[in-house]
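S.K.: Would you be able to build a 3D model of this:
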Amino acid sequence: MSFDELIDRLKYRFFSYWHSEKRSIKLLSRLAAFALFGAILTTIAPTLADELASDPEMIEQVVPAAEVAPAPVAPVETPTAVASPAPSSSPEPVISRPVITPTSQSPLPESSESVTVEADPEPLEIQPRYTVRVPPSGAIDPRAATYFLPHIYASQDDPEVLYTMICVRGSAGMRFDAMQKGVANNSAEENEQIFGDLSGLVVISAENNRAVNLLNSYQGLFISSIGGGLSGRSLALDFVAVTKPVANPAFCSAAKSGATMTLRPLGLDLSTVKGGGKLK
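M.R.: You can find the predicted model right below:
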C-alpha cells in the first residue's frame, strides 16, 4: 500500500466518522479531533516561543541616551518691594429702584377658550301675527259627548319666525286627544314636543307648518266630555312664536294670535217641517 492510498483511507475514515448518522459517533469523532488539535497547539506553541526568544535578531539592543549638560543659569535680580497704598473703604453707592405695582387684580389665563352656552327656548320678545282660519262654531248633536275638530289653517309670513307653539284649552269637563287616539302622545324630542295629551290643555310645538300638521293628524283633534254633552261648550287655540320647540303652558299667555270655537247644538225645533203622510 502506498503512502497516498493510506492518506486517502484515513481521510475517508475520518469524514465517515465526522458525518456519521449516529449522533454519538459524530460527537466522539469531533471531540477526538478537537483534543488532538489542542494537544498539537500545547506542544508546538511553547517550543516556537522559545526559538523566537533565543533568536538574536528578535532581541533589541537598548542604547542608553546621552546625558545633556545643563544650561548655565543667569543670576536673577530680586526686585525691591514697593509699599502699596492701603485701600480706603468707601461706601458703595445706593441704587434706588422704583416699586412696580401690578395693574391687574388677577393673573391673566394662559389660554382662553370660548364656551358656547345654548339659551333656553322662550317666546319671541315681539310676537308676530298669524293668519288663523278656524270655524267660529261647530254644529253638534245635543247629546253627543265626542267631536272631531275640523282641520285648521295657520301661517306666518315672517321668515325669521321658525318655530310655533300651539295651545289648545277648553271649558271645564273637556278633554283633548291629539295624534294617535286613545294614547297619551306626550313627547320631549328636540324638534317636536307635545304636552298634556288626554287632558284639558294640550301644547304642541315644532316648526311652523309641522306644528299645524301634528294638530290635524289622525283625522284631527279629538274632543270628548268627561260628564254630559259637548253642546254649548267652547275651546280656544293660541299661537306663540318661540325660539326653539318647547311645550310649556306658561308661555301660552304670550300669544298675540288665536281663535275660539263654540260647539252649538243642531237646529232642531218645532218649526222644522216634515213631509206629510196619509194613514190608511
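S.K.: quick one: the helices in the stretch 1-150 of the chain?
M.R.: 3-18, 23-54 (DSSP state H, counting those that start in this stretch).
S.K.: likewise the stretch 151-280 of the chain?
M.R.: Counting by DSSP H, counting those that start in this stretch, the helices of the stretch 151-280 of the chain are 208-216.
S.K.: So, low pLDDT: which residues of it?
M.R.: 268-280 (pLDDT under 70).
S.K.: Over to the stretch 1-150 of the chain?
M.R.: Short version for the stretch 1-150 of the chain, where the test is pLDDT under 70: 1, 18, 45, 48-116.
S.K.: Tell me where this protein has strands.
M.R.: Here the chain has its strands, by DSSP state E, at 131-133, 137-140, 146-148, 153-155, 163-170, 174-177, 187-188, 193-195, 201-207, 222-225, 234-242, 257-265.
S.K.: Which of those sits closest to residue 30?
M.R.: The stretch from the strands of the chain with the least distance to residue 30 (Cβ to Cβ) is strand 187-188; that distance is 88.4 Å. For glycine as for every other residue, the C-beta is placed from the backbone atoms N, C-alpha and C.
S.K.: circling back to that earlier point, let's have the helices of the stretch 1-150 of the chain in JSON lines, adding mean neighbour count.
M.R.: Shown next, in JSON lines, are those (neighbours: other Cβ atoms under 10 Å):
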{"stretch": "helix 3-18", "mean neighbour count": "11"}
{"stretch": "helix 23-54", "mean neighbour count": "11"}
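S.K.: Including distance to residue 141, could these go into JSON lines?
M.R.: Formatted as JSON lines, these follow (distance: least, Cβ to Cβ, whole Å):
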{"stretch": "helix 3-18", "distance to residue 141": "121"}
{"stretch": "helix 23-54", "distance to residue 141": "113"}
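S.K.: and residue 130, how many neighbours?
M.R.: The tally of other residues near residue 130 (other Cβ atoms under 10 Å) stands at 26.
S.K.: Excluding chain neighbours, what is closest to it?
M.R.: Closest residue to residue 130 apart from its sequence neighbours, by Cβ to Cβ, 6 or more residues apart in numbering: residue 257 at 3.7 Å.
S.K.: Contact partners for that neighbour?
M.R.: Residue 257 is in contact with 127-130, 132, 154, 238-239, counting by Cβ atoms under 8 Å, 6 or more residues apart in numbering.
S.K.: circling back: select, out of the helices of the stretch 1-150 of the chain, the one closest to residue 174.
M.R.: helix 23-54 (105.3 Å).
S.K.: What helices and strands are in contact with the closest one?
M.R.: helix 3-18 (3 or more Cβ pairs under 8 Å, 6 or more residues apart in numbering; DSSP states H and E).
S.K.: report the angle between the axes of the helix it packs on and helix 23-54?
M.R.: For helix 3-18 against helix 23-54, the angle by axes from the mean of the first three to the mean of the last three Cα atoms, to 10 degrees is 120 degrees.
S.K.: Show me the contact partners of helix 3-18.
M.R.: 25-26, 28-30, 33.
S.K.: wait, isn't residue 141 in contact with residue 266?
M.R.: Yes. Using Cβ atoms under 8 Å, residue 141 is in contact with residue 266, at 5.9 Å.
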